[in-house]
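Peer 1: fold the stuff below for me.
(one chain, ligands or ions: 2)
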Amino acid sequence: MPCNPDAPANLGLFAESDLLQPARTEVLGPQARVLRGFALPWTERLLPRLDEVLAAAPFRQMMTPGGHTMSVGLSSCGALGWTTDRHGYRYSAIDPQSLRPWPAMPEVFRQLAEHAAQAAGFNDFNPDSCLINCYRPGAKMSLHQDRNERDFNAPIVSLSLGLPAIFLFGGQQRSDKSQRVPLLHADVVVWGGVDRLRYHGVLPLKDGTHPELGRQRINLTFRHAG
Ligand code: SIN
Ligand code: FE2
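Peer 2: Ligands and ions are numbered 1, 2, ... in the order given. All right, here's what the predicted structure looks like:
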């Protein structure tokens with residue numbers, strides 16, 4: 001039996017805004033927040049720009065200074081891109097693979113990052129770097145601090161797309177206990193101020209297929225690096 005077959009047709013018409021989850025904020029620390037579903041209204045504009053960036057600067061697996069190949073595929077856009085090789089971690093204006101500047105940061109990326117920072121209490125965030133991480137099933141990110149930026153005044157803004165992952169949000173010391181935070185498509189995590197140097201990482205990605213992104217998770221990390 002169909003559900004309410006006589007419903008007038010216009011009962012099915014919602015304004016687009018009625019179909020979106022209300023934004024929910026979770027507190028990870030004094031100056032660290034998870035903005036649940038924050039990017040849902042942005043993804044339609046953002047994903048085509050992401051495809052363009054990745055066509056110009058495809059994902060590649062980089063080597064750590066210790067000689068390990070990272071399980072996560074990396075790319076970047078913006079004035080500065082984060083890179084690693086046998087000589088160390090650093091920001092570079094040049095993509096070491098193409099030997100050309102990184103693709104420009106699309107305006108919609110910059111706007112999303114600025115709005116998310118503001119929603120978490122950080123005004124005037126102006127990222128000059130967007131690191132793009134690609135996690136296939138099994139890929140992970142070990143606990144680390146983001147500390148290659150010139151100063152730590154600006155927050156970190158981190159957007160999750162695609163498959164869910166468990167984000168580890170630790171303390172100021174590597175040995176501090178971590179919170180396990182499930183991150184879903186379009187969630188944004190922002191940390192800065194007293195929480196700027198908190199250790200963080202990602203547990204090995206569980207296999208699955210996301211309706212929009214397929215068998216992967218893509219994370220965009222916005223920073224003011226230079
Ligand atoms: C990172 O810390 O670089 C990535 C974090 C994430 O993938 O959520
Ligand atoms: Fe990080």
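Peer 1: who in the chain is up against ligand 1?
Peer 2: Residues of the chain lying close to ligand 1 (Cβ under 6 Å from any ligand atom) are Asn133, Met141, Ser158, Phe167, His200, Val202, Asn219, Thr221. Just so you know, the C-beta spots here come from the backbone N, C-alpha and C atoms, and that holds for glycine as well.
Peer 1: closest one of those residues to ligand 1?
Peer 2: Checking the residues of the chain next to ligand 1 against ligand 1 by Cβ to the nearest ligand atom gives Asn219 as the nearest, at 3.3 Å.
Peer 1: right, and the closest one touches Ile156 too?
Peer 2: No - contact criterion Cβ atoms under 8 Å: Asn219 and Ile156 do not qualify, at 11.3 Å.
Peer 1: out of those two, which sits in the more crowded spot?
Peer 2: Between Asn219 and Ile156, counting by other Cβ atoms under 10 Å, Ile156 is the more crowded of the two (27 against 21).
Peer 1: the more buried one touches Thr221, doesn't it?
Peer 2: Yes - if you go by Cβ under 8 Å, Ile156 and Thr221 touch, sitting 6.4 Å apart.
Peer 1: in JSON lines, list the residues of the chain next to ligand 1 along with secondary structure and distance to Leu47.
Peer 2: Shown next, in JSON lines, are the residues of the chain next to ligand 1 (DSSP: H, G, I helix; E, B strand; the rest coil; distance: Cβ to Cβ, whole Å):
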{"residue": "Asn133", "secondary structure": "strand", "distance to Leu47": "16"}
{"residue": "Met141", "secondary structure": "strand", "distance to Leu47": "22"}
{"residue": "Ser158", "secondary structure": "strand", "distance to Leu47": "17"}
{"residue": "Phe167", "secondary structure": "strand", "distance to Leu47": "21"}
{"residue": "His200", "secondary structure": "strand", "distance to Leu47": "25"}
{"residue": "Val202", "secondary structure": "strand", "distance to Leu47": "21"}
{"residue": "Asn219", "secondary structure": "strand", "distance to Leu47": "14"}
{"residue": "Thr221", "secondary structure": "strand", "distance to Leu47": "17"}
